[in-house]
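J.: structure, please.
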Amino acid sequence: MRKIFLLSLFAVSLFSCSSDSSSTPQEQMYFPPNDGSTTWETKTIAELGWNQNAVQPLLNYLELKHSKSFIILVNGRIVMENYFNGHSASTPWYWASAGKTLTATVTGIAQDEGLLNINNKVSDYIGTGWTSAPLAKENLITCKNLLSMNSGLNDALGDDVSPANLQYVADAGTRWAYHNVYVKLQDVVATASGQSWTNYFNTKLRDKIGMTGGAWINSGDGLSVYWSTSRNMARFGLLSLNKGKWNGTTIVNENYFNQATTTSQSINQAYGYLWWLNGKTSYHLPQTQFEFSGELIPNAPNDMYAALGKNDQKIYVVPSKKMVVIRMGDAADDVTMALSDFDETLWTKISALYQ
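T.: As a prediction, this is how the structure comes out:
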């Protein structure tokens, strides 16, 4: 019953497999050029000493589970890149909530530039009345609370982030609940920078790592969803693997990135700044206040952190393997939230490549 219950919620995915020398290459990290070309260095399964016989079962499973794209990078080089069900390398697809990590990263960039401080209250930047909470309660909510999902606002009222729908439940910092109110950070960045969110995002992050052509598309309810090619998602994963550095250039401060991929509050060990974290002793999931024991994905490496979105949009980052894994597509099963048994089975098949 616990398994079925967990599958119906949401989640994150990561690695808990052991590291060995064959799966932790020591060669120099590679970054693809930012010139808009299709140039991207590759590494073969054979060159890594991986198990070629494990490739086809993985591909068969991905296609069966309604995937559109799948990429594995090791040390920045493409090891696998596959497209399914009519998708192609040039076709954009939505990130869903995996794009929350883009907002977390850009918030860190704005803090690096002295435009904001995540410890300041949200109303310092966008004014009061952005919620329907009593003013004293609204003023408890900091930018860090939005990054950490502990704003204290009601998570049971849907995706609408208009003031009337942002209602007080508990004091900020005392309750963890997955909530799209995080999007108010985009308003904070826009106001603090004096630019539109899209312009600041494009100039400070997208264009600096060559994520050409990606765009924020309004989905209603005050939310925008990021769309891009799978390779552009892989570029962001590679930036994240390198803790905010791109080919020697700091895009976001490493200290901030380390905070973002470390437990951000005392309630949900498996959550950083809009990143999900594997390898913790307990975790919370969306739509419940129950605390579950153990790791999010026990058969994935325990140092993995992940950006996860609806219908199984996924960025898995595994520092111990110097690996980034991308999956885009439709929901693998009837479960549309980010975590399902798809994650565990997928990682069983991925780990078969190198074990």
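J.: measure Phe298 to Tyr61 for me?
T.: Not Phe; residue 298 is Pro. 19 Å (C-beta to C-beta, to the nearest Å). C-beta coordinates here come from the backbone N, C-alpha and C atoms, glycine included.
J.: quick one: the closest residue to Trp130 other than its chain neighbours from Glu138, how far?
T.: Sequence neighbours aside, Pro163 is the residue nearest to Trp130 in space, at 5.9 Å (criterion: C-beta to C-beta, 6 or more residues apart in numbering). For Pro163, the distance to Glu138 (C-beta to C-beta) stands at 10 Å.
J.: what do those two both touch?
T.: Shared contacts of Pro163 and Glu138 (C-beta atoms under 8 Å, 6 or more residues apart in numbering): Gly129, Trp130, Thr131.
J.: just the buried members of those?
T.: Trp130, Thr131 (16 or more other C-beta atoms under 10 Å).
J.: rebuild the shared contacts of Pro163 and Glu138 as CSV, extending it with secondary structure.
T.: Shown next, in CSV, are the shared contacts of Pro163 and Glu138 (DSSP: H, G, I helix; E, B strand; the rest coil):
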residue, secondary structure
Gly129, coil
Trp130, coil
Thr131, coil
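J.: I'd like the average pLDDT over stretch 228-248.
T.: The average pLDDT for stretch 228-248 rounds to 98.
J.: the helices in the stretch 251-355 of the chain, which residues?
T.: Counting by DSSP state H, counting those that start in this stretch, the segments of the stretch 251-355 of the chain that form helices are 254-260, 341-354.
J.: just those helices: most buried one?
T.: Highest mean neighbour count among the helices of the stretch 251-355 of the chain (mean count of other C-beta atoms under 10 Å): helix 341-354, with a mean of 20.
J.: check contacts around the most centrally placed residue in the chain.
T.: Nearest residue to the geometric centre of the chain (C-alpha atoms, centre = their mean): Ala307, 1.9 Å. Shown in contact with Ala307 (C-beta under 8 Å, 6+ apart): 95, 97-101, 237, 240, 274-276, 314-315.
J.: if you rank those by neighbours, which is first?
T.: Greatest neighbour count in these, by other C-beta atoms under 10 Å, goes to Trp276: 32 neighbours.
J.: would you confirm that it contacts Gln269?
T.: No: under the criterion of C-beta atoms under 8 Å, Trp276 makes no contact with Gln269, lying 10.8 Å away.
J.: identify, from the shared contacts of Pro163 and Glu138, the entry nearest to Thr44.
T.: Trp130 (51.9 Å; C-beta to C-beta).
J.: need phi/psi at that closest one.
T.: The phi and psi values for Trp130, taken as degrees, to the nearest 10, are phi -80, psi -10.
J.: what pLDDT does it get?
T.: If you check Trp130, the pLDDT there is 98.
J.: neighbours of the closest residue to Ile45 other than its chain neighbours, just the number please.
T.: Counting by C-beta to C-beta, 6+ apart, Ile45 lies nearest to Gln52, which is 5.2 Å off, once chain neighbours are set aside. Other residues lying near Gln52 total 10 when counted by other C-beta under 10 Å.
J.: next: Glu295.
T.: 23.
J.: next one: it from Val317, what distance?
T.: As judged by C-beta to C-beta, Glu295 and Val317 stand 16 Å apart.
J.: tell me which residues touch Leu146, please.
T.: Here Leu146 is in contact with Val122, Val181, Tyr182, Lys184, Leu185 (C-beta under 8 Å, 6+ apart).
J.: want to try JSON lines for the shared contacts of Pro163 and Glu138, with distance to Asn232 as columns?
T.: Shown next, in JSON lines, are these (distance: C-beta to C-beta, whole Å):
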{"residue": "Gly129", "distance to Asn232": "37"}
{"residue": "Trp130", "distance to Asn232": "31"}
{"residue": "Thr131", "distance to Asn232": "34"}
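J.: follow-up on the earlier one: just the closest of the contacts of Leu146 to Ile326, please.
T.: Distances from Ile326 to the contacts of Leu146, taken by C-beta to C-beta, are shortest for Tyr182, at 21.9 Å.
J.: contacts only, for the closest one.
T.: Lys100, Thr103, Leu146, Leu147, Met149, Leu274.
J.: any figure for the gap between the last one and Asn247?
T.: Okay, so that is Leu274. Distance of Leu274 to Asn247, computed by C-beta to C-beta: 24 Å.
J.: with the third one instead?
T.: From Leu146 across to Asn247, the span is 30 Å (C-beta to C-beta).
J.: neighbours around the residue nearest to Gly214 when sequence neighbours are not counted, how many?
T.: Leaving aside its sequence neighbours, Gly214 sits nearest to Ser228 (C-beta to C-beta, 6+ apart; 3.3 Å). Neighbour count of Ser228, defined by other C-beta under 10 Å: 23.
J.: do I have it right that Tyr94 meets Tyr226?
T.: Yes: here Tyr94 reaches Tyr226: they are 7.1 Å apart, a contact under C-beta under 8 Å.
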